[in-house]
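In: quick check, what structure comes out for this input:
(2 chains)
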There are 2 protein chains.
Amino acid sequence: MEHPENHEQYKGLTVNSGVKQPPVVNPYFKGRVARKPLPSAGELVEGIIKGDVTMLSRAVTLVESLSADHQAIAQEVIEKCLPYSGNSRRIGITGVPGAGKSTSIDVFGLHVLRDGGKLAVLAIDPSSERTKGSILGDKTRMEKLAIHPSAFIRPSPSAGSLGGVARKTRETVVLCEAAGYNNIFIETVGVGQSETAVHSMVDFFLLIQLAGTGDELQGIKRGIMEMADGIVINKADGDNVDRARLAQAQFRSALHLFPPTVSGWMPEVLCYSGYYEIGIAEVWQMIDRYFDFVKNNGYFEQRRQQQARYWMRETIDEQLRLHFYNNPEVEALLHDREQRVLGNRQSSFTAARDVLDFYFSKNIH
Amino acid sequence: MEHPENHEQYKGLTVNSGVKQPPVVNPYFKGRVARKPLPSAGELVEGIIKGDVTMLSRAVTLVESLSADHQAIAQEVIEKCLPYSGNSRRIGITGVPGAGKSTSIDVFGLHVLRDGGKLAVLAIDPSSERTKGSILGDKTRMEKLAIHPSAFIRPSPSAGSLGGVARKTRETVVLCEAAGYNNIFIETVGVGQSETAVHSMVDFFLLIQLAGTGDELQGIKRGIMEMADGIVINKADGDNVDRARLAQAQFRSALHLFPPTVSGWMPEVLCYSGYYEIGIAEVWQMIDRYFDFVKNNGYFEQRRQQQARYWMRETIDEQLRLHFYNNPEVEALLHDREQRVLGNRQSSFTAARDVLDFYFSKNIH
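Out: Numbers count the residues shown, from 1 in each chain, chains lettered A, B, ... in the order given. Purely as a prediction, here's the structure:
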């Protein structure tokens, strides 16, 4: 399938290449989809390093592909891009649906790009966690960034487990950085398991909240507030300013009860309005302060190294689990033993032991 | 080594059997330690069901033992005790060192025992996480419970990984319940990784805090507050009452910002004084309300089933990891690949893939 950025009418624009488009059918091939030949890993890398958006998009598509051939090329490209990666601010942005994430990312993004540089906006929610179309499914959600020449918007890979999606997003970060994107935003919905994954791949984790302590907060997952390096309260405009200020005071007081973060940074709470573009500079000054702080005390580098190690271990652990749980005989025995455990007829430990013994005896000895 | 409860002077008392005592040397055996013969699994189970504290203690010692023979008996005993287990309130109690956990557990325990019944106090911190002697290391820390005939105090197993210690504590819960202990307290220090483990084995998770928002909170781990089903502020006495009330208001306001818990229960915040025994009944009325609430809405049973499943999966995952990481060749390759990842010379994913390929090719095909 051709990507929209290859169409004449999109030339010069960075568009959301994940938006579903009808495949371009070449009439001479009797209904077969016309394909451009795959570039080699070397060509892709060369293009990426030069900042060629088409090459970047094609490489990301290979990263997301389930085909083994594509994966082989993708891994080679990532490996060659690694030495050029790392030079960005990676910022995770989360918030419940309705908090105004898209509008906020749009104006935050424009603000960041005022100083020059480039911005990539990625997302990390596997489709199972998405309310239909809410995550970057529609490029019109970020109107200004969508037509900005220095912005690259890419939706979440749509298939696979959270682990798989997270890996692909992380690998896409490497490619974007190699292509010169020195600001990376990673969006997530704030209602599922994705936040821990995002938190493990960014330098700064921003939580968008709304004023009010009632229904608006219902959707957000417990524990997220304690991950945040900054909390920003959106829609602090018009009649809503007082409520936003009150929420700000409440969140500040709540954060004050938390112990200090590992970095030593004290998370800040600010008000802003994404729609009216009020307080945007102040939010970004906070983020600047954070980066100064953690680059000075060494935590920035330390966190990145921890993350690299974490993802390696995480990949290993996930594959070990898959190898075990995907075995049909193991699965059957597991189901049987689980019923015993739930019926208080066997301890969790000996039940686990039974299945492990079967697995290891079958596979190894 | 004989246990203190077998000594004449301790007869009739339930004592902390993990306190280090000089081994009883039989002079006729030239320095060899005299051992009582191991009871059979059947004898142990019979004794436990009758509520025999010595048999319970001996069984717990087998659970904690690293010897394969002991483990075999222990697992048989646990299996046979399972049908008699489950009939207790399992309550996790955490708080930073200095929050007054021991004194609080002492008075909470006495309060619980006023209505009859029995109480077991266990702990879950592996030695690496303990500040020396702070966890039940000294039975004088719970003066009243230590001499109470219906209380059984057992320190944390002292050796092993958190996973191992957690499993042993969980298995000890089964034995205690089979022995008729209908109240189980599990203590943890609140500064390490143990809280998640405790949270995964109790019905109610109580966080002990102190008034004041400064240094007192430094030690506690982020994320614990969101796990708590109740927060109780200790040392609300004398000059400190106003500060405690202020802290109560602050914690209430903070909890109000959190979304509801899965159970639908809204965690409560209360003040008390462990030392002056003020407000103890109120804390326990809250816990009664909680149990009424979750037993009525079905969450009690649901959480226990989830926990049983969790521990089975956790055991499997831990063993899969150990089998992988404990292989010396895997370890060497892992170290090499990790260095490449940290040096930005290889991606986390292909590095993990290299080590996995080696592991599976070596062991399985």
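
In: does chain B sit close to stretch A:143-158?
Out: No. Using CB under 8 Å from any CB of the partner chain, stretch A:143-158 stays clear of chain B, coming no nearer than 14.0 Å. Any C-beta I mention is one placed from the backbone N, CA and C, and that applies to glycine too.

In: so A:Arg337 sits in a strand?
Out: No. Assigned with DSSP: H, G, I helix; E, B strand; the rest coil, A:Arg337 falls outside any strand and is helix.

In: which residue packs closest to it, ignoring adjacent ones?
Out: Nearest non-adjacent residue to A:Arg337, counting by CB to CB, 6 or more residues apart in numbering or on different chains: A:Ala351, 3.9 Å away.

In: what about the one you found, how many residues nearby?
Out: 26 (other CB atoms under 10 Å in any protein chain shown).

In: now for it: which residues touch it?
Out: With contact taken as CB atoms under 8 Å, 6 or more residues apart in numbering or on different chains, A:Ala351 is in contact with A:337-338, A:340-341, B:312.

In: please redo it, this time with the cut-off set to 10 Å
Out: Listed by CB atoms under 10 Å, 6 or more residues apart in numbering or on different chains, the contact set of A:Ala351 reads A:333-334, A:336-342, A:345, B:308-309, B:311-312, B:315-316.

In: helix/strand/coil for it?
Out: For A:Ala351, the secondary structure call by three-state DSSP comes out as helix.

In: check the gap between it and A:Asn344 for me.
Out: Taking CB to CB, to the nearest Å as the measure, A:Ala351 and A:Asn344 are separated by 11 Å.

In: mutual contacts of the two, please.
Out: B:Ala308.

In: so what's the most centrally placed residue in chain A up against?
Out: Nearest to the centroid of the C-alpha atoms of chain A, with distances taken as CA atoms, centre = their mean, sits A:Ile124, at 3.3 Å. Residues in contact with A:Ile124 (CB under 10 Å, 6+ apart) are A:92, A:94, A:135, A:156-157, A:162, A:165-166, A:168-170, A:172, A:186-189, A:192, A:194-195, A:197-198, A:201-202.

In: A:His256 touches B:Ala247, doesn't it?
Out: No. A:His256 lies out of contact with B:Ala247 (CB atoms under 10 Å); the separation is 11.1 Å.

In: more crowded one of these two?
Out: B:Ala247 (24 against 15).

In: how about residues contacting stretch A:37-44?
Out: Residues contacting stretch A:37-44 (CB under 10 Å, 6+ apart): A:45-47, A:52, A:54-56, A:58-59, A:62, A:69-70, A:72-81, A:175.

In: and that stretch, which residues are buried?
Out: A:39, A:41, A:44 (16 or more other CB atoms under 10 Å in any protein chain shown).

In: show only the entries of those found in helices.
Out: A:41, A:44 (DSSP state H).

In: closest one of the buried residues of stretch A:37-44 to chain B?
Out: Nearest to chain B out of the buried residues of stretch A:37-44 is A:Ala41 (CB to the nearest CB; 13.1 Å).

In: pLDDT weak spots in chain A?
Out: Counting by pLDDT under 70, chain A contains low-confidence residues at A:1-35, A:125-140, A:158-160, A:190-193, A:212-222, A:363-365.

In: now do the strands in it.
Out: For chain A, applying DSSP state E gives strands covering A:89-94, A:119-123, A:151-153, A:183-188, A:204-210, A:230-234, A:268-271.

In: for A:Leu322, the count of nearby residues, please.
Out: 12.

In: turn the strands of chain A into TSV, including mean neighbour count.
Out: Shown next, in TSV, are those (neighbours: other CB atoms under 10 Å in any protein chain shown):
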stretch	mean neighbour count
strand A:89-94	24
strand A:119-123	27
strand A:151-153	26
strand A:183-188	26
strand A:204-210	24
strand A:230-234	25
strand A:268-271	21
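
In: can you put those strands in CSV and add distance to A:Phe324?
Out: Listed next are the strands of chain A as CSV, based on distance: least, CB to CB, whole Å:
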stretch, distance to A:Phe324
strand A:89-94, 31
strand A:119-123, 30
strand A:151-153, 38
strand A:183-188, 28
strand A:204-210, 32
strand A:230-234, 40
strand A:268-271, 44
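
In: of all those strands, which one comes closest to A:Ile287?
Out: Nearest to A:Ile287 among those is strand A:204-210; the distance by CB to CB comes to 5.9 Å.

In: between strand A:183-188 and that closest one, find me the angle.
Out: 50 degrees (axes from the mean of the first three to the mean of the last three CA atoms, to 10 degrees).

In: near chain B, which residues of the stretch 1-150 of chain A show up?
Out: Contact residues (CB under 10 Å from any CB of the partner chain) of the stretch 1-150 of chain A with chain B: A:71, A:74-76, A:78-79, A:81-86, A:96.

In: in helices only, show me the residues you listed.
Out: Per DSSP H, the residues of the stretch 1-150 of chain A next to chain B map to helices at A:71, A:74-76, A:78-79, A:81.

In: only the buried subset of the residues you listed, as a PyMOL command please.
Out: This is the PyMOL syntax for the buried subset of those, where burial follows 16+ other CB under 10 Å:
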select buried, chain A and resi 74+75+76+78+79+81
